[in-house]
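A structural model of the following input is requested.
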Amino acid sequence: MFPNSTLGQQLQQVAQIIQVASYLGMSRQIFFCSLGGFDTHGGELEQHNLLYPQLSQAIAAFYGATQELGVAQNVTTFTESDFSRTFQPTTTDGSDHAWGSHHMVVGGAVQGGQIYGAFPAFQLGGPNDTDTRGRWIPTLSIDQYGATLASWFGIPDAALPTVFPNFANFAAQKIGFLAAPSV
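Predicted structure coming up:
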């Protein structure tokens, strides 16, 4: 059962479309859903205590729906953000814009139970901090993350540098968190 939240309702609609996709002649689809409110310059703990349960419950309900529909192996849900938050809080119990971030990937094709990339040394001004606020330097790029997802979706390897122009700058190009789809 989907939670009665904005994200829950969005993902319920996506599940309903997936359920009738074959009748509509659709074989590959991309859906975008959003949950705002993470730009927390103040009151971060209170805000996150509201947002993370919404995210967790909605994604769990959606994954359960894909299992019930028998399509979990062919549906991948992932998070994406254009920025992260500083490790050092603001004076109003929030955080400022930062760099390196974490993402979740859920689905039947996900090679789960692993963390890809490396956690930073949680030290302000330390070896992974771009300054003294806890703006961590990422160990994986959005290009690697996106290329992994795009490959799973069927984009040929030869096209990845066109889709991700910075792709050639990374030695380990695809991260490998997805198995080949069964379609």
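
Relative to Thr132, how far out is the most centrally placed residue in the chain?
In the chain, the residue lying closest to the centroid (CA atoms, centre = their mean) is Thr79, at 2.0 Å. To Thr132, Thr79 is 28 Å away according to CB to CB, to the nearest Å. For every residue, glycine as well, the C-beta is placed using N, CA and C.

ok so Ile59 is a helix residue?
Yes - the assignment for Ile59 is a helix, going by DSSP: H, G, I helix; E, B strand; the rest coil.

check contacts around it.
Counting by CB atoms under 8 Å, 6 or more residues apart in numbering, Ile59 touches Leu11, Thr77, Met104, Val106.

Point out the least confident one among those.
Among the contacts of Ile59, Met104 carries the weakest pLDDT, at 92.

give me the number of residues near that residue?
13 (other CB atoms under 10 Å).

Leaving out the residues flanking it, which one is nearest to Gly154?
Arg28 (6.8 Å; CB to CB, 6 or more residues apart in numbering).

now do His48
Nearest non-adjacent residue to His48 (CB to CB, 6+ apart): Thr40, at 7.1 Å.

and if you look at Tyr116?
Excluding its sequence neighbours, the residue lying closest to Tyr116 (CB to CB, 6+ apart) is Ile175, at 5.0 Å.

what sits against the one you found?
Tyr116, Gly117, Leu140, Gln144, Tyr145, Thr148.
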